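>>> Here you go, sequence then predicted model.
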Amino acid sequence: MAEVARLAIESLRANKGRALLTMLGVIIGVASVVALLALGNGASSAITSQIQSIGTNLLTIRAGSPNNRGPGEVNSAQNLTLADSNAIAGLKLPITGPSPQFGGNAQIVAPAADTNATITGITASYQAINNLTMTQGIFISDEQVKGANGVVVLGNTLAKTLFGSGQALGQNVRIQGQTFNVIGVLAAKGSGGFGSVDDQALIPISVAQQRLFGARTADGNGWRVSSIQISVIDSANITMVQDRVSALLREQHNLKTDGSSDDFQVMNQASILSSLSTVTSVLTYFLAAVAGISLLVGGIGIMNIMLVSVTERTR
């Protein structure tokens with residue numbers, strides 16, 4: 001055994017270049033497998049954690065038919081209204097919310113800086129549904145929504161953009177010529193895949209509808225909303241709540257009960273999480289296959305060197 005080890009060491013010393021290339025093939029192959037598997041698993045964990053941070057019991061109702069995706073589809077955004085949100089609240093389901101939303105993009109101007117940002121009109125329940133915490137100040141209240149008060153809560157990144165390291169709380173900003181007082185700054189949330197609240201300015205939905213973005217319905221008797229969020233208290237009730245809400249909206253909009261003519265979509269956060277988990281799993285398998293090929297190539301190189309060594313000794 002000692003003689004075999006001595007011969008192996010002497011062979012390595014005599015063929016330093018060959019030994020180095022052999023080691024390099026092994027190192028690159030193994031490192032590729034480890035790195036790419038870690039990358040796939042890391043991406044999957046990041047996406048999953050971001051969605052779970054919002055809550056897997058979340059239902060989001062958006063305007064627009066789930067069946068028609070063609071370029072000729074009529075925009076049905078006007079079909080989702082504040083009256084729909086109030087009707088959902090009247091069902092007295094085991095939920096938190098509903099939280100209607102309406103907004104748009106606009107320039108937000110602070111005393112020393114300005115930027116283009118997403119302005120989202122919300123209600124007080126938006127904070128609990130989306131698990132938002134404050135670093136400064138308070139969140140928008142129901143009284144401020146009813147009174148259409150000119151107040152704003154800034155996302156963490158947006159507050160830093162506008163005020164840097166200075167104090168944002170209590171400052172005034174202007175949005176489309178309207179003055180808003182900063183009553184709070186949110187803690188950093190991170191991206192959820194559909195945009196980040198860190199870059200948004202939150203205002204009472206009544207202000208967004210009445211003074212900023214013109215949300216009056218076509219008949220002039222109500223107010224449009226872009227989406228409605230609901231958080232189901234018990235995950236076992238998600239399907240029941242989703243079915244009840246869908247049936248109610250079909251009744252509100254005078255649609256067919258079979259869902260074939262729906263002008264809205266009810267998106268289940270748990271289903272989205274499941275779909276994304278499937279996609280990221282496939283991505284991980286793909287990366288593992290690529291890494292496996294790298295390891296195979298490295299192994300073939302090693303076997304080739306070993307074959308050459310054996311052939312030389314035999315000769």
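All right, it came through fine.

>>> wait, isn't residue 150 in contact with residue 182?
No. Counting by C-beta atoms under 8 Å, residue 182 is not a contact partner of residue 150; they are 10.7 Å apart. (Each C-beta comes from the backbone N, C-alpha and C, glycine too.)

>>> for the longest strand that the chain contains, packing partners?
In the chain, taking DSSP state E as the definition, the longest strand is strand 95-109. On a contact count with 3 or more C-beta pairs under 8 Å, 6 or more residues apart in numbering; DSSP states H and E, strand 95-109 meets helix 82-90, strand 114-122, helix 125-129, strand 172-175, helix 205-207, strand 227-232.

>>> Residue 301: which element?
Here residue 301 sits within helix 269-314, counting by DSSP states H and E.

>>> Could you pull up the mean pLDDT of that helix?
When pLDDT is averaged over helix 269-314, the result is 71.

>>> any idea how this protein splits into domains?
Using the TED database, the domain parsing of the chain gives 1-52+273-312, 55-262.

>>> Just send those domains back as JSON lines, with mean neighbour count too.
Below are the domains of the chain laid out as JSON lines (neighbours: other C-beta atoms under 10 Å):
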{"stretch": "domain 1-52+273-312", "mean neighbour count": "14"}
{"stretch": "domain 55-262", "mean neighbour count": "17"}
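
>>> Out of those domains, name the one with the poorest average pLDDT.
Within those, confidence is poorest for domain 1-52+273-312, with a mean of 72 (mean pLDDT).

>>> picking that back up, pull up the pairing partners for the longest strand of the chain, direction included.
Here strand 95-109 is paired, per DSSP bridges, with strand 114-122 (antiparallel), strand 172-175 (antiparallel), strand 227-232 (antiparallel).

>>> To residue 280, which of those lies closest?
Among the strands paired with strand 95-109, the nearest to residue 280 by C-beta to C-beta is strand 227-232 (24.4 Å).

>>> Give the other helices and strands that the helix or strand following the closest one contacts.
Per DSSP H and E, the first helix or strand lying C-terminal to strand 227-232 is helix 238-252. With contacts taken as 3+ C-beta pairs under 8 Å, 6+ apart, helix 238-252 sits against strand 58-63, helix 82-90, strand 227-232, strand 264-268.
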